[in-house]
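1. return atomic coordinates for the entry below.
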Amino acid sequence: MTSDPNIFRAAKFLLDQHGEKATATAARRVADCVANEDAEGVATWNAILAAIVELRRGRREGEKVN
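-> Have a look, this model is predicted:
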């Protein structure tokens with residue numbers, strides 16, 4: 001998981017703009033980058049996709065709030 005704040009900003013933007021469809025939107029972007037053989041794009045969109053999943057999950061039992 002990346003700690004790049006820009007990745008989390010992009011993930012938050014997608015969640016704000018697309019709501020429940022944010023994950024599917026990011027996954028489509030990954031697929032587009034794969035189809036275009038854009039390795040950097042694939043890495044970036046996979047990081048955004050992972051950040052969306054992380055932002056959506058609830059707190060785990062015993063997990064501290066920072």
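
2. could you report the pLDDT at Cys33?
-> We have a pLDDT of 98 for Cys33.

3. from Ala27, how far out is it?
-> Plainly put, Cys33 is 11 Å away from Ala27 if you go by C-beta to C-beta, to the nearest Å. In this view, the C-beta of every residue, glycine as well, is placed from N, C-alpha and C.

4. what about those two, which has more around it?
-> The residue with more neighbours, out of Cys33 and Ala27, is Cys33; 18 against 14, by other C-beta atoms under 10 Å.

5. show me what contacts the nearest residue to that one once chain neighbours are set aside?
-> Spatial nearest neighbour of Cys33, chain neighbours left out: Gly41 (3.4 Å); criterion: C-beta to C-beta, 6 or more residues apart in numbering. Contacts for Gly41 (C-beta atoms under 8 Å, 6 or more residues apart in numbering) come out as 29, 32-33.

6. over to Gly62?
-> By C-beta under 8 Å, 6+ apart, Gly62 has no neighbours at all.

7. quick one, grab the pLDDT at it.
-> For Gly62, pLDDT reads 75.

8. from Glu54, how far off is it?
-> 17 Å.

9. which SS state does Ser3 fall under?
-> Under DSSP: H, G, I helix; E, B strand; the rest coil, the three-state class of Ser3 is coil.
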